[in-house]
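Asker: Kindly return the folded structure for what I paste below:
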Amino acid sequence: MVSLIEAGLGVGVVPRLAMPQQGHPTLVSIPLHEPDVARTLGLISREK
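Answerer: All right, here's what the predicted structure looks like:
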């Protein structure tokens, strides 16, 4: 999704971990404070 935003195809709400750690030359991260945003995480794996 970050690459689509970088290509100028819109805006997005992405987890902080999806953004480059050292900043980005063309993208800006704006933290959302209100309302609180939460998500449920799950774990999947391949059967052995």
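
Asker: give the contact list for the residue sitting nearest the centre point of the chain.
Answerer: Residue closest to the mean C-alpha point of the chain, counted by CA atoms, centre = their mean, is residue 14 at 2.3 Å. Residue 14 makes contacts with 1, 2, 5, as judged by CB atoms under 8 Å, 6 or more residues apart in numbering. Glycine gets a C-beta too; all of them are placed from N, C-alpha and C.

Asker: One more pass at 10 Å, please.
Answerer: 1, 2, 5, 27, 29 (CB atoms under 10 Å, 6 or more residues apart in numbering).

Asker: Poorly predicted segments of this structure, please.
Answerer: Across the chain, not a single residue meets the criterion (pLDDT under 70).

Asker: mind listing which of the contacts of residue 14 are in helices?
Answerer: In this view, these that belong to helices under DSSP state H are 2, 5.

Asker: and the contacts of residue 14, which are buried?
Answerer: residue 5 (16 or more other CB atoms under 10 Å).

Asker: for the contacts of residue 14, which one is nearest residue 19?
Answerer: Closest approach to residue 19 among the contacts of residue 14 (CB to CB): residue 29, at 5.0 Å.

Asker: Hmm, the closest one is touching residue 22, no?
Answerer: No - between residue 29 and residue 22 there is no contact under CB atoms under 10 Å: 11.9 Å.

Asker: what residues does stretch 37-48 touch?
Answerer: Outside stretch 37-48, the residues that reach it (CB under 10 Å, 6+ apart) are 13, 15, 31.

Asker: number of nearby residues for the closest residue in space to residue 32 that isn't next to it in sequence?
Answerer: Nearest non-adjacent residue to residue 32, counting by CB to CB, 6 or more residues apart in numbering: residue 13, 7.3 Å away. Residues near residue 13, counting by other CB atoms under 10 Å, number 9.

Asker: still on that earlier bit, want to throw the contacts of stretch 37-48 into TSV with secondary structure?
Answerer: Conversion of those to TSV gives the following (DSSP: H, G, I helix; E, B strand; the rest coil):
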residue	secondary structure
13	coil
15	coil
31	coil
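
Asker: Nothing else from me, thank you.
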